[in-house]
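**Student:** what follows is a predicted structure for the sequence shown.
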Amino acid sequence: MLKMLTIADRLDRYIARSVLAAIVVVQVVLLGLDITIAYLGDLGDVQEGYGALDVLFYLIMRMPWRFYQYAPVAVLIGALIGLGSMASSNELTVMRASGRSLTRIVWGVMKPVLLVVVMVLLVAEYVSPHTEQFAEAWKLEQRQGEGAVLTSRSGWQIEGDTIYRFGAIRADNVVLDLTRYRFDERQLVEAAHARRAYWDNGKWRLKNVTVTELFDDHTETQSYQQLAWETQLTPAQLERLLRDIESQSPSELIAYAEFLQSQGQQADEPLLYFWQKMLMPLTMASLVLIATSFVFGPLRTVAAGTRVFYGVVTGLLFKYTQDLLAPASTIFGFSPVWAVLVPTLTCAAAGIYFLRRNG
């Protein structure tokens, strides 16, 4: 009995090593291709102070984010290649003939995927948000000099009866090109524009401000060198507002969603990306199930290139389904979590069905 358990453990480790090695190879290839293509595309940004080596360094700094993006596809194709090579050499047939159940083989594949899932979640929470922010700030400082704008993405925000438009925020918490519209019962009563706002001792101060008040029969405009800005918005909230939402960590996304909901606004977009990150383990498990069903089913004897092709097609269909359901959740009013769960559960159900039919 002990000998049989030892053999089973060795087989689990063998399957895990084969699949993990394939996942690592696929991830390296995907990252290499992506960086090469991005490098050739970004060479057009080369200028004085930002050369070809700087472009490469910028792309290397963004590798944690790219690792997160390609992890599901790498798991899918890696599982296909790892199990497929074992099927081609009849190793899986020998395992099944020796009494090893299909469930146990699938569990052997899941073990290295659990390691990948832990790494992906850690990267998404603690690594990629910071490296993305640092990479963008470094690139812009190289191109524009010290104190460059952290992000060029503008944003709008509602707070009570006031609507703000923000041009950008710098790394030193200075907001540029701020416009404020104040309403009274849906009627515009004041418009103000400040060239910049800075955070000073827990409060915002506006500089170079022009305030225009609108009355029924006339308008009045006044200019101020400095003016207090009464708002509940903090530098961290503004930074989340202006930063690319995809690169934010799960904790930042849920905090941003709670803030939007507290302001009476829809939070579908941050919640969608939050659930995509938090349900990543389930997503990868469903992709492993579909990959295993392919290997034990129609792709048992085909060439490795054919398996890779089917893996890429399946991965693209999975991604496009999620991308289509994302705006649908806003239009039809269902929870963003279902935009993530529906393709994941469909993929898992299809994998289990084909495994039961072929097993």
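**Tutor:** Looks like it came in fine.
**Student:** measure residue 116 to residue 105 for me?
**Tutor:** 18 Å (Cβ to Cβ, to the nearest Å). Just so you know, the C-beta spots here come from the backbone N, C-alpha and C atoms, and that holds for glycine as well.
**Student:** what do you get for residue 55?
**Tutor:** Distance from residue 55 to residue 105, counting by Cβ to Cβ: 45 Å.
**Student:** now residue 258
**Tutor:** From residue 258 across to residue 105, the span is 43 Å (Cβ to Cβ).
**Student:** find the nearest non-adjacent residue to residue 134, please.
**Tutor:** residue 61 (6.6 Å; Cβ to Cβ, 6 or more residues apart in numbering).
**Student:** can you give me the helices in the stretch 51-200 of the chain?
**Tutor:** 52-61, 63-88, 91-97, 102-122, 128-144 (DSSP state H, counting those that start in this stretch).
**Student:** out of those, which is the most enclosed?
**Tutor:** Mean neighbour count (mean count of other Cβ atoms under 10 Å) peaks for helix 63-88 among these, with a mean of 23.
**Student:** quick one: distance of that helix to the chain centre.
**Tutor:** Between the mean C-alpha location of helix 63-88 and the chain-wide mean there is a distance of 18 Å, by Cα atoms, centre = their mean, to the nearest Å.
**Student:** for that helix, name the packing helices and strands.
**Tutor:** On a contact count with 3 or more Cβ pairs under 8 Å, 6 or more residues apart in numbering; DSSP states H and E, helix 63-88 meets helix 2-42, helix 91-97, helix 102-122, helix 128-144, helix 280-295, helix 304-332.
**Student:** looking at these, spot the one closest to residue 235.
**Tutor:** Taking Cβ to Cβ, helix 128-144 is the member of those nearest to residue 235, at 13.0 Å.
**Student:** and the closest one, what other elements does it pack with?
**Tutor:** Under the contact criterion of 3+ Cβ pairs under 8 Å, 6+ apart, helix 128-144 touches helix 52-61, helix 63-88.
**Student:** distance of the residue nearest to residue 134 relative to residue 250?
**Tutor:** Taken as Cβ to Cβ, the span from residue 61 to residue 250 is 21 Å.
**Student:** cool, residue 89 as well?
**Tutor:** From residue 89 across to residue 250, the span is 41 Å (Cβ to Cβ).
**Student:** more neighbours: which of these two?
**Tutor:** Taking neighbours as other Cβ atoms under 10 Å, residue 89 and residue 250 compare with residue 250 leading, 19 against 10.
**Student:** give me the nearest residue to the more buried one, chain neighbours excluded.
**Tutor:** Spatial nearest neighbour of residue 250, chain neighbours left out: residue 277 (4.8 Å); criterion: Cβ to Cβ, 6+ apart.
**Student:** ok, and what's touching stretch 247-265?
**Tutor:** Applying Cβ atoms under 8 Å, 6 or more residues apart in numbering, the external contacts of stretch 247-265 come out as 65, 124-126, 128-129, 132-133, 157-160, 237, 240-241, 245, 266-267, 270-271, 273-274, 277-278.
**Student:** quick check on the residues you listed: which are buried?
**Tutor:** Buried subset of these (neighbour count, 16 or more other Cβ atoms under 10 Å): 65, 124, 128-129, 132-133, 157, 237, 240-241, 245, 267, 270-271, 273-274, 277-278.
**Student:** out of the residues you listed, list just those in strands.
**Tutor:** Within these, residues falling in strands by DSSP state E are residue 157.
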